[in-house]
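>>> What follows is a predicted protein model with its sequence.
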Protein chains: 2
Amino acid sequence: MTSVTELLEPVEIDLQHLLSDLRSLIGAGHPILQAAAEHLFSAGGKKLRPGIVLLISKALSNNNDLSDRHKRLAQITEMIHTASLVHDDVVDNASTRRGVETVHSRFDHRVAVLSGDFLFAQASWHLANLNDLEVVKLLSRVIMDLAEGEIKQGLNRFSSNQTFSSYLQKSYCKTASLMANSCQAAGVLSAIPEDQLKCLHQFGKQLGLAFQVVDDILDFTGNDKQLGKPTSSDLASGYLTAPALYALEEHESLKVMINREFSNSGDLEKSLELIKDSQALSRSIKLAEKFAKESLEAISWLPESPCQNALSKLPDFVLSRLY
Amino acid sequence: MTSVTELLEPVEIDLQHLLSDLRSLIGAGHPILQAAAEHLFSAGGKKLRPGIVLLISKALSNNNDLSDRHKRLAQITEMIHTASLVHDDVVDNASTRRGVETVHSRFDHRVAVLSGDFLFAQASWHLANLNDLEVVKLLSRVIMDLAEGEIKQGLNRFSSNQTFSSYLQKSYCKTASLMANSCQAAGVLSAIPEDQLKCLHQFGKQLGLAFQVVDDILDFTGNDKQLGKPTSSDLASGYLTAPALYALEEHESLKVMINREFSNSGDLEKSLELIKDSQALSRSIKLAEKFAKESLEAISWLPESPCQNALSKLPDFVLSRLY
């Protein structure tokens, strides 16, 4: 099984530079933020998102070189992602993320608001200075989708009659939009044709959706150490993801327990059993596989190279977290 | 004495439309945010910032018409301003602003983070879709300045050796940047020559600085009902503004009390007396008058019109809050 470190090997040094640039950019002259920046950009994070942008950028380059603008785009992607995580953790009142204390619990929610705003602000400034209106539009769409996704997620808590499509929309907003639009933006900076831009968008979108469905499955099966949150915390918080929504089609009694927000003793445990005894998890796995397959197909036109090879292994890597 | 309502009379109807557009834009389909939006955009706020953008836009138009893009710019300006207020109130832990409960105290800090993010996101999306890279740069600079200003302000709390110029920089970031850059952006959308763009920037910048110094004076003299915060709350919180910094040049003992963060009984009261008995307030008034004068001079080239007339009364209006 390929590890994420192996996958990102063709851009490993670029990623290291990116992280050290981010640390000095955010920390410089602001002691309050410096600690938060160290906390955010030093932990052994996978940095999959900027990694994908760098892989695509190199895969599109004739001489395996990265332009400064492509590097900056990868950085902006990570800034936006991190800013939204920091603020989401405040909104969701989360105390840990992937086993690491959140900024608002390590410091306080005021530092979290400030450092998130500072990251968003830096991102939007550097974005404007990439001097490409199309890229500005793609990434500002991401910022809007992230905010919309967080709102959608909050609105649909414990709402057992939400449609599967609203779940997918939420997943697009919170996870897939950033991947889809940043992949496309890398293509825009490389000035590739419109139909290839659409393919890059599709690659990132389906990869992001696969990633989210896998995350949602792991919340129930809990065999991913990386996740670092208590099993079934999504369900307990009222966030209904693919497994719960599929199970609702089979078990009317699940609806009752969700509607009363698991207020009767034993509700949560019974609900988990219903979900595990249904077709829900196997159907969710099939869904993730479908997204992964579509993601792979979307980049079949990329010329062979180490970076193209890494990109084509990504969809399978996302699924491999299930096994 | 002219009131702000009279001053904004030439754009009154446009401002009403703008506010109702903002309410429906923010509230649509998001019950959580709807209440926050009503709270933010319904109260009898003065809406001076979008008002100035609209006045300039009309003053630059041959037929007194507003283009959709100018209207959108005014809206974006108000979104950015409001988003930053909502988040600043979380960071500063403020419970009221101008006599009205803040979002995070009326609702909670999670709704405040979410609604601020949503406003920033909407602003950056609409900004990109104005399709003008120069305008995107000007307003993304504002977003960065607002975040920097909030950080600078936090860093300099109780720091009695801060320079007057760092105070002015902070004031530029937190207040004047938005006015300077949004005035200039209105000019960019009207395609006026570069030297006039610089003048509009200067007009907004000096007006914003005058506005901030007046605010800072009123924090000591407290004769403005609009301010709606306890007198000398800035000093008590350790924010050293023009009056305190001038007084520090006269009274060594003030430094001692600030350095110990007014921890001895009677420190705050004694400090206030020192400031009021010094040249600090009259020097601060002179400074505000200088900024107001420079602001007025910067738009001497605008052709006569009702909007030009209103703009030329603005600097005096800002000062009039002192009398």
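All right, it came through fine.
>>> how about low-confidence regions in chain A?
Along chain A, segments meeting pLDDT under 70 span A:1, A:27-29, A:42-45, A:98-99, A:107, A:223-231.
>>> How about the residues of chain A by chain B?
Selection of chain A residues close to chain B by C-beta under 8 Å from any C-beta of the partner chain yields A:30-33, A:84, A:87, A:90-91, A:93, A:109-110, A:113-114, A:116-118, A:120-122, A:124-125, A:127-129, A:131, A:133, A:136-137, A:140-141, A:143-144, A:146-148, A:150-151, A:154-155. (Glycine included, C-beta is placed from N, CA and C.)
>>> Using PyMOL, define a selection of the buried residues within those residues.
What follows is the PyMOL syntax for the buried subset of the residues of chain A next to chain B, where burial is set by 16 or more other C-beta atoms under 10 Å in any protein chain shown:
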select buried, chain A and resi 30+32+33+84+87+90+91+109+110+113+114+116+117+118+120+121+122+124+125+127+128+129+133+136+137+140+141+143+144+146+147+148+150+151+154+155
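>>> Inside helices: which ones of the residues of chain A next to chain B?
The helices, defined by DSSP state H, take in A:31-33, A:84, A:87, A:90-91, A:109-110, A:113-114, A:116-118, A:120-122, A:124-125, A:127-128, A:133, A:136-137, A:140-141, A:143-144, A:146-148, A:150-151, A:154-155 from the residues of chain A next to chain B.
>>> what's the angle between the host helix or strand of residue A:18 and helix A:109-128?
Element membership of residue A:18 [criterion: DSSP states H and E] is helix A:12-27. Orientation of helix A:12-27 against helix A:109-128 (axes from the mean of the first three to the mean of the last three C-alpha atoms, to 10 degrees) gives an angle of 120 degrees.
>>> counting contacts, what elements does helix A:12-27 pack onto?
helix A:31-42, helix A:48-59, helix A:68-92, helix A:109-128 (3 or more C-beta pairs under 8 Å, 6 or more residues apart in numbering or on different chains; DSSP states H and E).
>>> Off-centre distance for the third one?
From the chain centre to the centre of helix A:68-92 is a distance of 10 Å (C-alpha atoms, centre = their mean, to the nearest Å).
>>> any idea of the angle it forms with helix A:12-27?
60 degrees.
>>> and the helix or strand just after helix A:68-92, which strands flank it?
Using DSSP H and E, the helix or strand that follows helix A:68-92 in sequence is strand A:96-97. When pairing is defined by DSSP bridges, strand A:96-97 lines up against strand A:100-101 (antiparallel).
>>> State the next helix or strand along the chain beyond the strand it pairs with.
Proceeding N to C from strand A:100-101, the next assigned helix or strand is helix A:103-106, under DSSP H and E.
>>> Who are the contact partners of residue A:53?
By C-beta atoms under 8 Å, 6 or more residues apart in numbering or on different chains, the contact set of residue A:53 is A:70, A:73-74, A:77, A:182-183, A:185-186.
>>> quick revisit: other residues contacting the helix holding residue A:18?
A:5, A:8, A:33-34, A:36-38, A:40-42, A:47, A:50-51, A:54, A:66, A:71, A:74-75, A:78-79, A:115, A:118-119, A:122.
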